[in-house]
Every structure is written in C-alpha cells, then in structure tokens.
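> Coordinates for the following, if possible.
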Amino acid sequence: AVFFFVLVSFTFAAGTNIPACNDTAAVINSPDLYVVDTDLVGAPNLHPSSFNACILINSSDVIVVCQGFSITDNGTSNSVGILAYRSPSVRLSNITVRNCPNVSGYKYNIAFDYVDNSVITNVSASNATSDSILLVSTTNTSVSYANSSTSPNGIVLTFSSSNNSVSNSVASNNSNSGIV
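Okay, here's the model as predicted:
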C-alpha cells in the first residue's frame with residue numbers, strides 16, 4: 001500500500017484588536033484585519049457626516065470580525081454600530097463585516113454608505129431606532145446569513161444602491177418593513 005500525505009499550510013495574520021469603541025483601533029484608516037476581542041458599548045467616534053459610530057471604517061480592503069462579541073449602544077444619539085463611509089466623492093470597497101451576533105440599539109446598527117464590492121455576513125442586528133442594516137449608494141455588495149429584528153426597518157437598500165444581494169437572511173418583527 002502506498003500512502004500520500006499532503007501538508008497544507010495556512011497563514012493567518014494576527015490583525016488588529018479592537019478592545020473598546022473609544023480605542024484608536026475602532027477608527028479604521030488603513031487596510032487590515034480588525035478583530036473585536038470583547039463586547040463593545042457606545043458610539044464615541046464622530047464621522048464628518050455627523051454620525052457617531054462604535055466602529056468607523058474609513059478605508060477600503062478591511063475585514064472586521066466580531067468573533068461572537070456584541071456591539072451595543074449606550075444611548076448615543078444619531079449613532080451607528082458599524083459605519084463604513086468616507087464621503088460621496090471617495091467610495092470604499094472590499095469591506096467585510098462578519099460573525100457579529102448582536103449589534104443593537106443604534107439608530108443604524110450596520111451602515112455601508114458609498115461602498116462597493118463588499119460583504120456583510122453572519123450578523124444579527126436588532127432594536128435599531130431606524131434601520132438595522134442600511135446600504136446607501138452601495139453596489140455589488142452581499143448581505144447573507146443576516147438576522148434583522150425588532151426595528152422600524154430590517155434590511156434597507158436605498159439611494160442608488162444597485163447590484164446588491166440579500167440571501168439566507170431573515171427580517172422579522174420589524175414595525176415598518178422587513179427588506180426594502
């Protein structure tokens with residue numbers, strides 16, 4: 001008998017840990033893997049658009065992995081849990097947000113504005129005061145395995161958003177719309 005063994009090697013970058021919303025790592029200005037390593041609370045990071053965010057993504061080529069940790073608001077007005085948005089004239093691309101089981105209590109729990117070719121997957125967003133997951137002027141982006149509940153609106157694609165997909169997702173118990 002002849003046996004063949006295949007040695008497979010994987011290299012994983014350690015990435016950058018996000019230990020708190022008010023940590024400098026929560027304002028993402030360069031491409032990298034960003035790993036949430038504890039439950040996060042609040043929205044202290046002000047974007048020029050007047051939104052406050054817990055995690056503020058200002059760069060393309062970013063992966064945010066929550067590792068099962070929660071991101072919740074503490075009453076901050078005009079807030080977003082995870083915001084990917086630079087400006088209408090500088091679009092972002094290749095952003096992934098994944099494995100976030102509880103993003104809750106923000107005006108918008110997860111928002112991508114002027115973002116292209118990106119992914120939101122394996123997330124649960126609830127108790128937003130407006131939209132749980134919001135895509136504004138976003139193209140070629142996939143929302144999959146998302147659970148959106150108990151908000152006015154579940155998953156919203158608006159303002160010139162096109163060529164996006166929503167699959168294997170559930171929007172339930174939202175007071176206005178599930179998926180728009």
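> Who does the worst-scoring helix or strand of the chain on mean pLDDT pair with, and is each partner parallel or antiparallel?
Taking mean pLDDT, DSSP states H and E as the measure, the chain has strand 177-179 as its least confident helix or strand, at a mean of 94. Taking DSSP bridges as the criterion, strand 177-179 sits next to strand 153-158 (parallel) in its sheet.
> Off-centre distance for stretch 64-83?
Counting by CA atoms, centre = their mean, to the nearest Å, stretch 64-83 is centred 9 Å from the centre of its parent chain.
> Figure out the length between the terminal residues of it.
Stretch 64-83 has an end-to-end distance of 11 Å (CA to CA, to the nearest Å).
> again with stretch 170-179
9 Å.
> Could you list the low-confidence segments of the chain?
1-13 (pLDDT under 70).
> Buried residues in the least confident helix or strand of the chain, which are they?
Gly178, Ile179 (16 or more other CB atoms under 10 Å). C-beta: built from backbone N, CA, C; applies to glycine.
> Any idea how far that strand is from the middle of the chain?
Taking CA atoms, centre = their mean, one finds strand 177-179 lying 18 Å from the centre of the chain it belongs to.
> do stretch 22-36 as well
On CA atoms, centre = their mean, the centre of stretch 22-36 falls 13 Å from that of its chain.
> Please identify the buried residues of that stretch?
Result for stretch 22-36 [16+ other CB under 10 Å]: buried residues Ala25, Ala26, Val27, Ile28, Asp32, Tyr34, Val35, Val36.
> Could you work out the most separated pair of those residues?
Val27 and Val35 (15.3 Å; CB to CB).
> Sort out which of the buried residues of stretch 22-36 are in strands and list them.
Taking DSSP state E as the definition of strands, those contribute Val27, Ile28, Asp32, Tyr34, Val35, Val36.
> for the residue nearest to Ser172 when sequence neighbours are not counted, what are its contacts?
In space, and not counting its chain neighbours, Ser172 is closest to Ser149: 5.0 Å by CB to CB, 6 or more residues apart in numbering. By CB atoms under 8 Å, 6 or more residues apart in numbering, the contact set of Ser149 is Ser124, Ala125, Ser126, Ser132, Val170, Ala171, Ser172, Asn173, Asn174.
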